[in-house]
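A.B. asks: Build the 3D model from these lines:
(2 chains)
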Amino acid sequence: MTKTEFPPSIKSRPVYGVLEPRPGTVHLVVADGEGAEAVLDLLGKVPDRAAMLAGLHIMYTPGPNGTDQTDQLQALGARQFFRAPTLPTLLPRLAQVLATAHMGTQFYLSGTEGLMGQAERDIMATGVPFADIQKEHRGSTLRRVQCVHCKGITENVATDPFACSHCGLNLFVRDHYSRRLAAFQGVNIDAEDPGQVPAPVVRFK
Amino acid sequence: MSLDFKPNFEPGAFGDFFRDETFREDFTYRNSPEGIRRFPFPFDRDDYMYSVNMEPHTPGRKGSVFEHAFDVDEHYVSEMVDRAKVLAEDPLRCQSLPHMTLAGWDLLELIMESKARDYPQWFSLTKEGDKWHWINRPLGIDQHFTFLDESTLPYGPFEYITRQTQGDFSLQDERDNDLWMDAGMITSQADWSLDFDIGMSFMEWHAPVPLAHEKGIFDRALKFLLKLQHGAPVRRFNWTMTVNPLLDTAPETYPKWGPTKTSLTPENLGHKQHLRVELQALFRLPRSNAIAFSIRCYLGKFEELVTVPKWARRLHRVVRDVHPDVAAYKGFLRNRDAMAHWLSAYDDGAPTTPGWWPDD
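C.D. replies: This next block holds a predicted model:
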């Protein structure tokens, strides 16, 4: 499994790179699902593995597709390893870690867009420019989508269109993406012709 | 404190200049004959494609929408009433990220000074040091406040002044050789969401626009804007189509107004179909170095615009020939043929003169 290649799209659609080790005394990794493999690859590239492990804090949760590589990450021997059962249970701990983080902390995010987007949002809220946060996509392409009408977020959207989990409107999924919300935009597909909803197509897996 | 309007539509008030009209429900909005003549018709030739089309925002012809930096027209009071209703229903239409307060004061100063200078019969601003006194007679506002002290106004400076100024506004912070849309008052928008786009970079918030990225339009526009100097504002036109004189065509409420696109008939099209013109102006702000972007919306009914023969011919040709991707993005592809057919009755095929003025 290597990084996900997405087709070309509009300029608000995030693009992702490959995690590269950077000099620093504290390395914070937030990952889910297959993102674990990007972390293993990262450790394989580091010149002084022992030094990085001594400053490494890994926060991990299984992916939305159920992929759970906890054992491999735990076996790395990082200074701190935390496994959250779900992403919502990971975020409060991330907030606390960020509140006490020092300048120069290196951030590495890997896995799904929902995880990377929400971790990026919370890191940016502490004043870190998004360009300083490394991200590598692995695994599921399920999307986190905001309904532009009711503002509700639907997690792990697989089909286009889909029904908003809050207001029930049928939404088509745009590539337009907000880092502040960590979400793609969903817009009512049958607003002009109520009831004429195309059959949902699985676009995200 | 709150900003309570006391609009005065009594007969004789302000020489009966300001129209008491609605942009919702019964849609009583219309342009007076004088309003039609000064309509900012955006097409200077018989076809249309995206371009940067920016020019200095300097005082233009007397009586035109270009005469003053912030045009105040016959719809002013009713537009401000409509904005207050939109904000009461959805406060997310006005947002300002915490670092944008100074830019809000910059904009407040720019607008108050411009309006007091250009329309002394309606607005006045007097200053004693940082103690300012603002009077907005059409809206019945008389406000003493301390410049740069937020606690002395009923809203933040950005929201305070844009509740009294026609047109949407966004404030762009400049960082890393880019512009970031970090504040906005957006209640008369052509179907884009401030709540979704706030915080985005120049390329990001323009991302959904088709064709223009490939033509390099946004690269050139951004380079141009990063060089924008204080005291040398620029302007450009944008346009789209709207069924009914609905200022607030927001994506948030699209399920409410979307179905009206299917309500056009050959009989009602001239009255219900509006050319929606945005006169966009950009101002570099002095203290914050932010850029204020005003997006002033003018609505003209097809039946109003065709009373000017040059515009009737040209509007027909533009609508008939516009690139389908542009018509789709602007949301009128489904009605384009009906619109072109209705307009064709007013196009005798005669040549038109260059430029957008009605009779040049």
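A.B. asks: Buried residues in the longest helix seen in chain B, which are they?
C.D. replies: Longest helix of chain B, by residue count under DSSP state H: helix B:101-118. Buried residues in helix B:101-118, counting neighbours by 16 or more other CB atoms under 10 Å in any protein chain shown, are found at B:101-112, B:114-116, B:118. C-beta: built from backbone N, CA, C; applies to glycine.
A.B. asks: how far does it sit from the chain's center?
C.D. replies: Distance, stretch centre to chain centre, for helix B:101-118: 17 Å (CA atoms, centre = their mean, to the nearest Å).
A.B. asks: Now for residue A:86: which residues touch it?
C.D. replies: By CB atoms under 8 Å, 6 or more residues apart in numbering or on different chains, the contact set of residue A:86 is residue A:61.
A.B. asks: coming back round to it: and the longest helix of chain B, average pLDDT?
C.D. replies: Averaged across helix B:101-118, the pLDDT comes to 98.
A.B. asks: surely residue B:146 meets residue B:133?
C.D. replies: No: under the criterion of CB atoms under 8 Å, residue B:146 is not in contact with residue B:133, lying 10.8 Å apart.
A.B. asks: Just give the number of residues close to the closest residue to chain B within chain A.
C.D. replies: Residue nearest to chain B within chain A: residue A:191 (3.2 Å; CB to the nearest CB). Here the number of neighbours of residue A:191 (other CB atoms under 10 Å in any protein chain shown) works out to 19.
A.B. asks: what's the distance between it and residue B:86?
C.D. replies: Plainly put, residue A:191 is 18 Å away from residue B:86 if you go by CB to CB, to the nearest Å.
A.B. asks: quick one, what contacts whichever residue of the stretch 1-150 of chain B sits closest to chain A?
C.D. replies: Relative to chain A, the nearest point of the stretch 1-150 of chain B is residue B:92 (7.5 Å; CB to the nearest CB). By CB under 8 Å, 6+ apart, the contact list for residue B:92 reads A:151, B:194-195, B:252.
A.B. asks: What's the end-to-end length of stretch A:99-111?
C.D. replies: From its first residue to its last, stretch A:99-111 covers 23 Å (CA to CA, to the nearest Å).
A.B. asks: Farthest pair within the contacts of residue B:92?
C.D. replies: A:151 and B:194 (12.2 Å; CB to CB).
A.B. asks: between these two, which one's more packed in?
C.D. replies: Remark: of residue A:151 and residue B:194, residue B:194 carries more neighbours, 23 against 18, as counted by other CB under 10 Å.
A.B. asks: sorry, back to before: what are the buried residues along the following helix or strand past the longest helix of chain B?
C.D. replies: As assigned by DSSP states H and E, the chain's next helix or strand after helix B:101-118 is strand B:123-128. By neighbour count on 16+ other CB under 10 Å, the buried set for strand B:123-128 is B:123-125.
A.B. asks: Stretch A:11-18 too?
C.D. replies: Going by neighbour count (16+ other CB under 10 Å), the buried part of stretch A:11-18 is A:11-14, A:16.
A.B. asks: Contact partners for the closest residue to residue B:186 other than its chain neighbours?
C.D. replies: Nearest non-adjacent residue to residue B:186, counting by CB to CB, 6 or more residues apart in numbering or on different chains: residue B:194, 4.0 Å away. Each residue near residue B:194 by CB under 8 Å, 6+ apart is listed here: B:92-95, B:170, B:184, B:186.
A.B. asks: What residue, apart from its backbone neighbours, is nearest the residue in chain B positioned nearest to chain A spatially?
C.D. replies: Closest to chain A within chain B is residue B:258: 3.2 Å, counting by CB to the nearest CB. Setting aside the residues directly before and after it, residue B:258 is nearest to residue A:191 in space (CB to CB, 6+ apart), at 3.2 Å.
A.B. asks: Likewise for residue B:35?
C.D. replies: Residue B:35's closest residue in space is residue B:74 (CB to CB, 6+ apart), at 5.7 Å.
A.B. asks: same check, this time on residue A:172
C.D. replies: residue A:189 (4.3 Å).
A.B. asks: count of neighbours near that neighbour?
C.D. replies: 18.
A.B. asks: can you tell me if stretch B:269-284 touches chain A.
C.D. replies: No: for stretch B:269-284, no contact with chain A is found by CB under 8 Å from any CB of the partner chain; the gap never falls below 14.9 Å.
A.B. asks: Give the buried residues for that stretch.
C.D. replies: B:269-284.
A.B. asks: From those, pick the one nearest residue B:299.
C.D. replies: Ranked by distance to residue B:299 (CB to CB), these are led by residue B:274 at 4.6 Å.
A.B. asks: just checking, that closest one touches residue B:302?
C.D. replies: Yes: here residue B:274 reaches residue B:302: they are 7.3 Å apart, a contact under CB under 8 Å.
A.B. asks: related to what we said a few turns ago, and the residue of chain B closest to chain A, that's in a helix?
C.D. replies: Yes: membership of residue B:258 in a helix is supported by DSSP: H, G, I helix; E, B strand; the rest coil.
A.B. asks: I'd like the average pLDDT over the longest strand anywhere in chain A.
C.D. replies: Longest strand of chain A, by residue count under DSSP state E: strand A:170-178. Per-residue pLDDT values over strand A:170-178 give a mean of 97.
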